[in-house]
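A.B. asks: model this:
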Amino acid sequence: MSDFKFEITEHLGVLSESAKGWTKELNKVSFNDRPAKYDLREWDSNHEKMSKGVTLNDEEMEILSKILKDRGI
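C.D. replies: Now for the predicted structure:
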């Protein structure tokens with residue numbers, strides 16, 4: 001099995017922190033040397049372990065941003 005690699009290329013912000021110290025974050029993350037995507041998930045304090053999350057490319061993030069803005073969020 002090949003190695004799974006990831007790199008947080010840009011930290012955009014923390015949304016919340018759990019009682020166990022994991023933080024829900026929005027970052028730009030490159031997985032397996034691919035172009036970085038917007039990524040929303042929980043991370044441990046060392047950014048070594050992660051939960052399941054959602055990744056969005058630039059176009060998807062623009063659409064999501066427009067949806068939220070149109071709804072006044």
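A.B. asks: Okay, now the unreliable bits of this protein?
C.D. replies: Applying pLDDT under 70 to the chain flags the ranges 1.
A.B. asks: give the contact list for residue 22.
C.D. replies: Shown in contact with residue 22 (C-beta atoms under 8 Å, 6 or more residues apart in numbering): 42, 43, 44, 45, 51. Heads up, the C-betas are built off the backbone N, CA and C, glycines and all.
A.B. asks: Wait, the first one touches residue 50, no?
C.D. replies: Yes - Residue 42 is in contact with residue 50 according to C-beta atoms under 8 Å; the separation is 6.9 Å.
A.B. asks: Give me the buried subset of the contacts of residue 22.
C.D. replies: Neighbour-count burial (16 or more other C-beta atoms under 10 Å) is assigned, among the contacts of residue 22, to 42, 43.
A.B. asks: ok, now which ones touch the residue most central in space within the chain?
C.D. replies: Closest to where the C-alpha atoms of the chain average out (C-alpha atoms, centre = their mean) is residue 39, at 2.2 Å. By C-beta under 8 Å, 6+ apart, the residues touching residue 39 are 26, 27, 28, 29, 53, 54, 55, 56.
A.B. asks: Identify the residues contacting the residue nearest to it when sequence neighbours are not counted.
C.D. replies: With sequence-adjacent residues excluded and distances taken as C-beta to C-beta, 6 or more residues apart in numbering, residue 39 is closest to residue 29, at 4.1 Å. Neighbour list for residue 29: 6, 7, 8, 9, 36, 37, 39, 55 [criterion: C-beta under 8 Å, 6+ apart].
A.B. asks: Inside strands: which ones of these?
C.D. replies: Using DSSP state E, the members of the contacts of residue 29 that fall in strands are 6, 7, 8, 9, 37, 39, 55.
A.B. asks: Mark which of these are buried, thanks.
C.D. replies: Using 16+ other C-beta under 10 Å, the buried ones in those are 6, 8, 37, 39.
A.B. asks: which stretches of the protein form strands?
C.D. replies: Ranges of strands in the chain, per DSSP E, are 6-17, 23-31, 37-43, 54-56.
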